[in-house]
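Novice: what's the 3D shape of this:
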Amino acid sequence: MEMKKVFERGKPIFSMEIFPPKKNDPVSEIYSTLDGLVGLKPDFISCTYGAGGNPADTSTVDICREIEQKFHTLSIAHLTCVNSTREDIDRAIERFRAADIRNVLALRGDKNDKVPPKDDFKYASELIRYLKEKAPEISISAACYPETHPDSESVVSDILYMKEKEECGAEHFISQLFFDNEDFYAFREKTLIAGIKSPVEAGIMPVTSKEGILRMVSMCGASVPKKLSRILNRYENDPEALCDACTAYAIDQITDLIASGVDGIHLYTMNKPWLARRVYDAVKTLIRR
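Specialist: A predicted model of the protein is given here:
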């Protein structure tokens, strides 16, 4: 099913993200995770690109195949291009076709100081354009950044680049995580002014560790508002209380987003089905099915 048809069912949709097991972890772990997630009946599950963006790694496609064939749930396979040549992307397309994967989240990917980037694709828009030319049967999603991509020159240039992604073929956007809904609403208004028509899902991550989330926001350019900062500081040495307080924070975010007419919620599950269930159970009556 094409991603744009998912949004024709009604709004908002509810989706989730998982990541492949680490190199030395058993692959069975991810199937235990999926067992816990599919019962929540997400509209789709996305799987991040494995092995640090290694073009030879097939774990993302393998997992997406299982999501669709074993768990009967729509999947989106992440695909990054910063470390890929055109030949690498051609091989990825063939793997998608062999696995009957029809939805891809096209990303530049994070640069690694220890691995020089390839020259074939400098931006996600170039990957999107290439996929549309080489594999027109694939429905392409893309990322967006409510607080602006860390590498962008300005807010305006970032919105215009998002518009370029749409013009190249992106039909759906998933936002980077954020913790202040007002940042998302201001961003959404700018996308409307720019004429961006594709649906935009709000990326929500329930916090489970102060150290982990501070490391995450330092990499992605998101900010920690005072309200969340007070929670992190108050409960940083009490893991159970921190999890409870931050889960409540995420639920409050989602409730407000749904009330404000968001296109969808994309939950960054961190491969924790129990956490996804806590969030889902609190908002399930708000989500139109």
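
Novice: separation between residue 45 and residue 169?
Specialist: Separation of residue 45 from residue 169 (CB to CB, to the nearest Å) stands at 22 Å. Placement of C-beta: from N, CA and C, glycine included.

Novice: more neighbours: the two, which one.
Specialist: Taking neighbours as other CB atoms under 10 Å, residue 45 and residue 169 compare with residue 45 leading, 25 against 20.

Novice: could you check the pLDDT of the residue nearest to residue 242 when sequence neighbours are not counted?
Specialist: Nearest residue to residue 242 in three dimensions, chain neighbours excluded: residue 235, at 3.9 Å (CB to CB, 6 or more residues apart in numbering). At residue 235, the model reports a pLDDT of 96.

Novice: ok, residue 185 next?
Specialist: The predicted local confidence for residue 185 is 98.

Novice: element containing it?
Specialist: Residue 185 is part of helix 181-193, with elements assigned from DSSP states H and E.

Novice: can you give me the strands in the stretch 51-200 of the chain?
Specialist: Applying DSSP state E, counting those that start in this stretch to the stretch 51-200 of the chain gives strands spanning 75-80, 103-107, 139-144, 170-177, 200-204.

Novice: what packs against the third one?
Specialist: In terms of contact count using 3 or more CB pairs under 8 Å, 6 or more residues apart in numbering; DSSP states H and E, strand 139-144 is assigned the packing partners helix 3-6, strand 103-107, helix 124-134, helix 155-168, strand 170-177.

Novice: can you list the strands that it pairs with?
Specialist: strand 103-107 (parallel), strand 170-177 (parallel) (DSSP bridges).

Novice: repeat for the last one
Specialist: Pairing partners of strand 200-204, with direction, according to DSSP bridges: strand 170-177 (parallel), strand 264-268 (parallel).

Novice: could you check the angle helix 155-168 makes with that strand?
Specialist: On the basis of axes from the mean of the first three to the mean of the last three CA atoms, to 10 degrees, strand 200-204 is oriented at 120 degrees to helix 155-168.
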